[in-house]
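Engineer: can you look at this prediction? I've put the sequence above it.
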Amino acid sequence: EIARGKLGENAEATRAALAAGPDVVFQGAFLSGNWGGWSDFLERVETPSALGPFSYEVADTKLKRRADPKHVLQLVLYSDLLAEIQGVVPEFAHVELGDGTRATLRVADYSSYARMARQRLEAFVADPQPTRPVPCADCGLCRWAEHCNSVWHAEDSLFNVANISRGQVKKLEAAGVHTLAALSTLDHPVRGMAENTQTRLVTQARLQQARKTGEPDFELRAPEPGKGFDLLPEPQPGDLFYDIEGDPHYEGGLEYLHGIWFDGAFKAFWAHDHDAEARALSDLLAFFRARISQYPTARIYHYAPYEITALKRLTTKYGIGEAFLDRLLRERRFVDLFAVVRGGLIGSEPNYSIKSMEAFYDRKRDGEVKTAGGSVVAYERWRETQDQQILDEIEDYNRIDCISTEELRDWLVGIRPTGPWPTLAPDAGGKEVEEDANTQALRNMLAGSGLPEARQDMLFN
């Protein structure tokens, strides 16, 4: 073991240790030029090198369950630094993973890319070019998110305009429009931008600019068949308001809470493992079936596509209720209010999340959990502590999301232009029976085949 201290001294001690040829060096250190670091393990292999009839390979320990690009870059760096000492590049490098398995990488497969990445970084550090923050899919996870938001706020950036794309920002900047305020008064065409797109963006910017000193405001969009308010049905007895909480960090993912608001009451379906997830799905679909039997014209309201995506995944994963979900979709039982909002109006808020829409119907949130990301963090904390209060806070957050969905529906009904309401599609119960019969016939055929159960399941899927 190299006792960890100053990197330069540790690197000299590592050179001396490797020359002696031990089986394993723990915390071996490297330093060469701009690059250095402490490896977890250097393992002896019987490949001749400048050290003698042996050489070393790098092995690092990581908590993840599979090797990550970051790990590969680190392993290639250590392998290159090790090669300077022993005179040969190690053939392999290893990652000891969190589940006890070992991933072995052939260094030559990755070294060219890793070295090029290092050269790019060195070139940037030697001559840094101006950079600017640009929104991307990782903003919700990034440690620099608050910094970037502060930059966009200070610059009155076009990225503050709700639902604007990078490409649209590029076209506007090429036309000399660099701020939200400038876009709000734009009165000439922008090259490469469709007229209706430009009109929408200018209206969006104008409403957001006025909102800086005023009240929430909105404008209805020009009606388009099959969009916006064409997707909003007339309220019916028995309508349900539905929201899911999921944990993407659980092994294989976990939809741990289905919440339903109905008749002024809240019902929660919890699941803390995959067996319970299957039971919760079965109970939820049974509840939907009973409700629709009691209220044949009822709809199920949600906000954004996640709920439908999750139900499709779960019914397929567990083979529970696939035909019934198909029936609900065929009958147009589900109503995505996000699609109504996006297609029906332009609002003054910085985005179209349900939390932002609450400005229009005066809902104020005061619970401990305030965002979907916060719900995931809280749930991970509960998995460590088993503190019931955390689950109560998550359930309260989900309940308020469901109530807010009803309040949003009622507000949208109140501002909707006059015109015919969309109707349910014809009853698809017969199609459900037919699908279920086909499924059962396939199961019976496979059951009579004499094949092992695992093979039957594979063929069935």
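Structural biologist: On my side now, so go ahead. Residues are numbered from 1 along each chain as shown.
Engineer: tell me which helix or strand comes right after the one helix or strand residue 409 maps to.
Structural biologist: Per DSSP states H and E, residue 409 falls inside helix 388-415. Moving toward the C-terminus from helix 388-415, the next helix or strand (DSSP H and E) is helix 429-447.
Engineer: beta partners for residue 218?
Structural biologist: Counting by DSSP bridges, residue 218 is bridged to residue 347.
Engineer: OK, contacts around it?
Structural biologist: 207, 345, 346, 347, 348, 360, 415 (Cβ atoms under 8 Å, 6 or more residues apart in numbering). C-beta here means a position set from N, CA and C on the backbone, and glycine is covered the same way.
Engineer: reformat the residues you listed as TSV; add neighbour count.
Structural biologist: Output for these, formatted as TSV (neighbours: other Cβ atoms under 10 Å):
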residue	neighbour count
207	22
345	20
346	24
347	22
348	22
360	21
415	12
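Engineer: closest one to residue 93 out of those, please.
Structural biologist: Among the contacts of residue 218, residue 347 lies closest to residue 93 (Cβ to Cβ), at 52.3 Å.
Engineer: unless I'm mixing things up, that closest one is touching residue 353, no?
Structural biologist: No: the criterion here is Cβ atoms under 8 Å, and residue 347 misses it with residue 353 at 10.9 Å.
Engineer: from one end of stretch 284-302 to the other, what's the distance?
Structural biologist: Terminal residues of stretch 284-302 lie 15 Å apart, using Cα to Cα, to the nearest Å.
Engineer: buried residues in it, which are they?
Structural biologist: 284, 285, 287, 288, 291, 292, 298, 299, 300, 301, 302 (16 or more other Cβ atoms under 10 Å).
Engineer: correct me if wrong: the fifth one contacts residue 242.
Structural biologist: Read that as residue 291. No: the criterion here is Cβ under 8 Å, and residue 291 misses it with residue 242 at 11.0 Å.
Engineer: quick one: contacts of stretch 452-461?
Structural biologist: Outside stretch 452-461, the residues that touch it by Cβ under 8 Å, 6+ apart are 442, 443, 446, 447, 449, 451.
Engineer: what's the burial count for the fourth one?
Structural biologist: Right, residue 447. Using other Cβ atoms under 10 Å, residue 447 has 12 neighbouring residues.
Engineer: per-residue confidence at the closest residue to residue 152 other than its chain neighbours?
Structural biologist: Closest residue to residue 152 apart from its sequence neighbours, by Cβ to Cβ, 6 or more residues apart in numbering: residue 159 at 5.0 Å. pLDDT, residue 159: 97.
Engineer: now swap in residue 309 and tell me
Structural biologist: pLDDT recorded at residue 309 is 96.
Engineer: now swap in residue 173 and tell me
Structural biologist: pLDDT, residue 173: 96.
Engineer: again with the one 5 residues further on
Structural biologist: Predicted confidence (pLDDT) at residue 178: the value is 97.
Engineer: show the contacting residues for it.
Structural biologist: With contacts defined as Cβ under 8 Å, 6+ apart, residue 178 is in contact with 158, 172.
Engineer: residue 378 now?
Structural biologist: Contacts of residue 378 by Cβ under 8 Å, 6+ apart are 368, 369, 390, 393, 394.
Engineer: and what of residue 78?
Structural biologist: Counting by Cβ under 8 Å, 6+ apart, residue 78 makes contact with 30, 37, 39, 58, 60, 93.
Engineer: and these, which of them are buried?
Structural biologist: By 16+ other Cβ under 10 Å, the contacts of residue 78 give 30, 39, 58, 60, 93 as buried.
Engineer: mind checking pLDDT for the nearest residue to residue 51 once chain neighbours are set aside?
Structural biologist: Nearest residue to residue 51 in three dimensions, chain neighbours excluded: residue 86, at 5.0 Å (Cβ to Cβ, 6+ apart). Looking at residue 86, its pLDDT is 96.
Engineer: okay but residue 86 is in contact with residue 21, surely?
Structural biologist: No: contact between residue 86 and residue 21 fails when scored by Cβ under 8 Å: they sit 10.8 Å apart.
Engineer: ok, residue 393 - contacts?
Structural biologist: Residue 393 neighbours (Cβ under 8 Å, 6+ apart): 367, 368, 369, 378.
Engineer: of the residues you listed - the most surrounded one?
Structural biologist: Most surrounded of those: other Cβ under 10 Å gives residue 369, at 22 neighbours.
Engineer: assumed that residue was part of a strand.
Structural biologist: No: under DSSP: H, G, I helix; E, B strand; the rest coil, residue 369 falls outside any strand and is assigned coil.
Engineer: and the residue nearest to residue 1 when sequence neighbours are not counted, what's its pLDDT?
Structural biologist: Among residues not flanking residue 1 along the chain, residue 26 sits closest, at 4.4 Å (Cβ to Cβ, 6+ apart). Looking at residue 26, its pLDDT reads 97.
Engineer: do the one 10 residues further on as well
Structural biologist: Turning to residue 36, the model gives it a pLDDT of 95.
Engineer: do residue 62 as well
Structural biologist: Confidence score, pLDDT, at residue 62: 88.
Engineer: use 34 as the first number for this chain going forward.
Structural biologist: Yes, from this point I'll number from 34; that puts the last item at residue 95.
Engineer: correct me, but residue 391 touches residue 436?
Structural biologist: No: using Cβ under 8 Å, residue 391 is not in contact with residue 436, being 10.5 Å away.
Engineer: what about the strands in the stretch 134-283 of the chain?
Structural biologist: Assigned strands in the stretch 134-283 of the chain, in chain order: 135-139, 251-253, 273-280 (criterion: DSSP state E, counting those that start in this stretch).
Engineer: looking at those strands, which is buried most?
Structural biologist: Of all the strands of the stretch 134-283 of the chain, strand 273-280 carries the top mean neighbour count, a mean of 23, counting by mean count of other Cβ atoms under 10 Å.
Engineer: which outside residues touch that one?
Structural biologist: The contact list for strand 273-280, computed with Cβ under 8 Å, 6+ apart, reads 286-295, 321, 324, 331-336, 339-340, 343, 405, 408-409, 412-413, 427, 430-431, 434-436, 438-439, 442.
Engineer: so which elements touch the very next helix or strand once past that strand?
Structural biologist: For strand 273-280, the following helix or strand on the C-terminal side (DSSP H and E) is strand 287-295. On a contact count with 3 or more Cβ pairs under 8 Å, 6 or more residues apart in numbering; DSSP states H and E, strand 287-295 meets strand 273-280, strand 298-303, helix 307-327, helix 421-448.
Engineer: return the list of strands paired to strand 287-295, each annotated with direction.
Structural biologist: Note on strand 287-295: by DSSP bridges, its sheet partners are strand 273-280 (antiparallel), strand 298-303 (antiparallel).
Engineer: who's residue 293 bridged to?
Structural biologist: Bridge pairing for residue 293 - DSSP bridges - gives residue 275, residue 300.
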